[in-house]
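**Student:** Predicted model and sequence follow; I will ask about them next.
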Amino acid sequence: MQFTIPERYALLDLFPQQSNIVILKLLRDFRHEVELSEMEVLEASVQAVGNSVRWDPVAVQRDDMIKDIPLSDAVTTIFHEILKDLNERKQLRWQHVSLYEKIVEGRTNAEPSTD
């Protein structure tokens with residue numbers, strides 16, 4: 001599945017801080033795929049500003065900045081459940097909308113997040 005840099009940061013935000021060993025091991029490997037490379041940080045001008053992260057909004061939408069990350073059925077199920085739970089509790093944030101559309105609704109042409 002293809003993810004923009006903002007979507008990848010939103011995914012990292014969704015990683016559970018606590019879980020069972022099976023889920024944590026699955027997510028450990030997936031986390032390495034989601035995290036940005038040094039080149040991506042430089043190319044997209046990613047900067048930590050206070051408690052938030054900012055980037056060049058034009059650069060993060062370039063085709064070479066969109067990463068195809070394989071999602072196993074198990075990882076898809078984990079994030080599907082996390083996003084559905086946030087939605088049901090009315091705790092989804094704007095940066096999660098395109099992830100919700102891709103993972104929960106199964107839309108492959110979901111609009112990338114610009115935040």
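**Tutor:** That came in fine, so what should we check first?

**Student:** Just the residues contacting the host helix or strand of residue 25, thanks.
**Tutor:** Counting by DSSP states H and E, the element that carries residue 25 is helix 21-34. Helix 21-34 is contacted from outside by 3, 8, 11-12, 15-16, 19, 67, 69-72, 74-75, 78, using C-beta atoms under 8 Å, 6 or more residues apart in numbering. C-beta: built from backbone N, CA, C; applies to glycine.

**Student:** Try it again at 10 Å.
**Tutor:** 3, 7-12, 14-19, 67-72, 74-75, 77-79 (C-beta atoms under 10 Å, 6 or more residues apart in numbering).

**Student:** Let's see which of those end up in strands.
**Tutor:** 3, 67-68 (DSSP state E).

**Student:** now the helices for the protein?
**Tutor:** Secondary structure of the chain, counting by DSSP state H: helices at 5-14, 21-34, 38-43, 73-88, 97-99.

**Student:** mind putting those in CSV, mean neighbour count, mean pLDDT and distance to residue 58 included?
**Tutor:** Converted to CSV, the helices of the chain look like this (neighbours: other C-beta atoms under 10 Å; pLDDT from 0 to 100; distance: least, C-beta to C-beta, whole Å):
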stretch, mean neighbour count, mean pLDDT, distance to residue 58
helix 5-14, 20, 95, 12
helix 21-34, 13, 93, 22
helix 38-43, 13, 95, 11
helix 73-88, 15, 95, 27
helix 97-99, 21, 96, 18
